[in-house]
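> Quick one, fold the following:
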Amino acid sequence: MLAISNFLDEVGLSFFYIKLFFSFILSFAIVYWSIPTIIKISRRKNLMDEPVGRSSHMRKIPNLGGVAIFYAIGICASIFAFELFEIYKFLFASLVILLFIGVMDDIVVMRAYKKLLAQVIVSILIVIGSDVRIRSLFGVFGVYEINYYVSVLVSIFIFIILINAFNLIDGIDGLAGIYSFICSAFFGISYFRLGEYNYPLVILSAVIMGSVLAFLYYNLSNYRHNKIFMGDTGSMILGFLLAFTAFCFIDLFISKQTADYTYYHLQSAPAVAVAILILPIVDTLNVIIIRLKNKKSPFEADKNHIHHKLLNLGLTHRRSSVYIVLYYIMIVSVAYSLRHWNVNLLLLIIVILGFMGAYLPDFIIKLKKNRIK
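This next block holds a predicted model:
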């Protein structure tokens, strides 16, 4: 019986690797082959992103790359990780709502309150309908288990913030795509290490990685007629999915035990999740602080994002994206190395490092100005 059990385990593991491989390849192929058609239709119908005062591009570029990303995720996740849609019944509905709102905004530019309303609805569906929420703070500020109603409100708020925060970092070529790829890789590896119960989440991470990698081929293209942006469609969907995977990641480390499985408890799980998503979090907080300091509305667009600062240093889009991502990979490495430290201390270190990265370009610009004087 033991031999049969071991054989079945090996077969199951092999089948998982097959699904993992094909989910990545198929998601890549769908985006790779669908984007040229989207570009052609966008140019024919003039569905383009027009450069404005704060734009980092100088010509009209198609901005419906997020449609291809949704297409790949919707197909591949439904085939290879269908268990997710059984467990989280409102997950696919949430993605469809974000697709509709994103496409509408990319084409006709919707009012901010309409987008916010859609994000609130999506957050309510996933938090209340699918019960994806922050249940415990693991001792952050001395708080452990959270009251259900407080948990729901906090979780909805965090979902909305992360969706919009990710949208804000999509300002230069490659940044949002590369960052999505790296975050999904971190979460996917973590899910894989935590056991077979999390394999559907591993496959979802692989699907995101495959679709984003194919998108980056066009987003970073030097050939003008091949270039495309992910638009609000892509940034909102990816921001939502990364928030979703972060919530699932934190929930895995809550102390619990079932009849056939014991879950690994890591008290610094919230800090590690914050480290993985530190770029959109810090970038959003940074621009809000600057706007309030300058007595402007927190919702007023400007060029105070981290990527704008690096462009001001004379760096190209590609170099700026690579430097930002490498710095934040360093922060995740620090978080992982110190994961057994006190959660409050680790969170403080991560936030300090995050803001150091945000203000480092300002420091370099000041040094250059002083040298010129």
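> Next one: residue 132 from residue 125, what distance?
Residue 132 sits 10 Å away from residue 125 when distances are taken as CB to CB, to the nearest Å. No exception for glycine: its C-beta is placed from N, CA and C like everyone else's.
> Comparing the two, which residue is more hemmed in?
Neighbour totals were compared for residue 132 and residue 125, and residue 132 leads with 23 against 19 (other CB atoms under 10 Å).
> Wait, the more buried one touches residue 155, no?
Yes: the criterion here is CB atoms under 8 Å, and residue 132 meets it with residue 155 at 7.4 Å.
> Residue 145 against residue 135, yeah?
Yes: using CB under 8 Å, residue 145 is in contact with residue 135, at 6.7 Å.
> And the helix or strand containing residue 95, what does it pack against?
Residue 95 is located in helix 91-108, with elements delineated by DSSP states H and E. Under the contact criterion of 3 or more CB pairs under 8 Å, 6 or more residues apart in numbering; DSSP states H and E, helix 91-108 touches helix 65-80, helix 83-87, helix 112-124, helix 231-252.
> Out of these, the one nearest residue 203 is which?
Residue 203 sits nearest to helix 65-80 of all those, at 5.0 Å, using CB to CB.
> any idea of the mean pLDDT for that closest one?
Averaging pLDDT along helix 65-80 yields 95.
> can you check stretch 355-365 too?
85.
> which other residues reach the helix or strand hosting residue 180?
Using DSSP H and E, residue 180 sits within helix 175-193. The contact list for helix 175-193 (CB atoms under 8 Å, 6 or more residues apart in numbering) reads 166, 169-170, 198-199, 201-202, 205-206, 208-209, 212-213, 215-216, 219, 230, 234-235, 238, 242, 245-246, 249, 252, 276-277, 279-280, 307, 317, 320-322, 324-325, 328-329, 332.
> Just the buried ones out of those, please.
166, 169-170, 198-199, 201-202, 205-206, 208-209, 212-213, 215-216, 219, 230, 234-235, 238, 242, 245-246, 249, 252, 276-277, 279-280, 307, 317, 320-321, 324-325, 328, 332 (16 or more other CB atoms under 10 Å).
> Narrow these to those in strands?
Secondary structure defined by DSSP state E assigns none of those to strands.
> Next, the contact list for the residue nearest to residue 203 when sequence neighbours are not counted, please.
Spatial nearest neighbour of residue 203, chain neighbours left out: residue 81 (4.1 Å); criterion: CB to CB, 6 or more residues apart in numbering. By CB under 8 Å, 6+ apart, the contact list for residue 81 reads 23, 200-201, 203-204, 207.
> can you check residue 94 too?
122, 125-126, 240.
> any idea how far it lies from residue 341?
35 Å.
> What are the neighbouring residues in contact with residue 116?
Counted by CB under 8 Å, 6+ apart, residue 116 has contacts residue 160.
> Go again with 10 Å.
101, 110, 160, 163-164, 299 (CB atoms under 10 Å, 6 or more residues apart in numbering).
> swap in residue 172?
If you count contacts by CB under 10 Å, 6+ apart, then residue 172 has 56-57, 305-308, 310-311, 315-318, 320-321, 324 around it.
> That one belongs to a helix, doesn't it?
No: assigned with DSSP: H, G, I helix; E, B strand; the rest coil, residue 172 falls outside any helix and is coil.
> low-scoring stretches of the stretch 51-200 of the chain, by residue?
51-58 (pLDDT under 70).
> now the stretch 251-373 of the chain
255-265, 297-299, 372-373.
> how about the CA coordinates for the host helix or strand of residue 334, as CSV?
Assessed by DSSP H and E, residue 334 sits inside helix 317-337. Taking C-alpha atoms only, helix 317-337 is exported to CSV below (Å, rounded to 0.1, in the frame of the first residue of the first chain):
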residue,chain,number,x,y,z
HIS,A,317,12.8,53.7,-19.7
ARG,A,318,14.5,50.3,-19.7
ARG,A,319,17.3,51.3,-17.3
SER,A,320,14.9,53.0,-15.0
SER,A,321,12.7,49.9,-14.8
VAL,A,322,15.7,47.6,-14.3
TYR,A,323,17.2,49.7,-11.5
ILE,A,324,13.9,50.1,-9.7
VAL,A,325,13.2,46.3,-9.9
LEU,A,326,16.7,45.4,-8.8
TYR,A,327,16.5,47.7,-5.7
TYR,A,328,13.2,46.2,-4.7
ILE,A,329,14.4,42.6,-5.2
MET,A,330,17.1,43.6,-2.7
ILE,A,331,14.4,44.6,-0.2
VAL,A,332,12.6,41.2,-0.7
SER,A,333,15.9,39.4,-0.1
VAL,A,334,16.4,41.3,3.1
ALA,A,335,12.9,40.5,4.2
TYR,A,336,13.4,36.8,3.4
SER,A,337,16.7,36.7,5.2
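> Three-state assignment for residue 139, please.
Applying three-state DSSP: residue 139 is strand.
> wait, isn't it in contact with residue 268?
Yes: at 9.2 Å, residue 139 and residue 268 qualify as touching, with contact defined as CB atoms under 10 Å.
> Now do the shared contacts for these two.
In contact with both residue 139 and residue 268: 342-344, using CB under 10 Å, 6+ apart.
> Now rank those by neighbours and give me the top one.
Going by other CB under 10 Å, residue 343 tops the shared contacts of residue 139 and residue 268 with 20 neighbours.
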